[in-house]
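# pasting the structure only:
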């Protein structure tokens, strides 16, 4: 095994919690305007703009991941052995 458990493949890589410079810059630009932008998006959604509606719903609800999917499977009566 080339690496021990818990050891990074690149110990000199990005430190934990570090963030992309572009993301930080964009968040800085949006910080003061986020409420106004959301109000405009909501008003467009209320007027029937499909894209605005989709964006509003995407921002209001986090995506659901790793949810179990209920499946009805038939009962196995005979085991096939080859």
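Received, thanks. Bear in mind that the values here come from a model prediction, so they are computed numbers and not experimental data. Numbers count the residues shown, from 1 in each chain.
# what's the burial count for residue 62?
7 (other C-beta atoms under 10 Å). In this view, the C-beta of every residue, glycine as well, is placed from N, C-alpha and C.
# tell me the predicted confidence for it.
As predicted, residue 62 sits at a pLDDT of 70.
# against residue 64, how distant is residue 45?
Residue 45 sits 21 Å away from residue 64, going by C-beta to C-beta, to the nearest Å.
# next: residue 44.
Per C-beta to C-beta, residue 44 is found 25 Å from residue 64.
# give me the more crowded residue out of those two.
The neighbour comparison of residue 44 against residue 64 (other C-beta under 10 Å) goes to residue 44, with 16 against 6.
# wait, isn't the more buried one in contact with residue 52?
Yes - with contacts counted by C-beta atoms under 8 Å, residue 44 reaches residue 52, the gap being 3.8 Å.
# now for these two: what residues contact both?
By C-beta atoms under 8 Å, 6 or more residues apart in numbering, residue 44 and residue 52 have no common neighbours.
# tell me the buried residues in stretch 42-58?
42, 44-45, 52-53, 55-56 (16 or more other C-beta atoms under 10 Å).
# what would these look like in a markdown table with secondary structure?
Output for those, formatted as a markdown table (DSSP: H, G, I helix; E, B strand; the rest coil):
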| residue | secondary structure |
| --- | --- |
| 42 | helix |
| 44 | helix |
| 45 | helix |
| 52 | helix |
| 53 | helix |
| 55 | helix |
| 56 | helix |
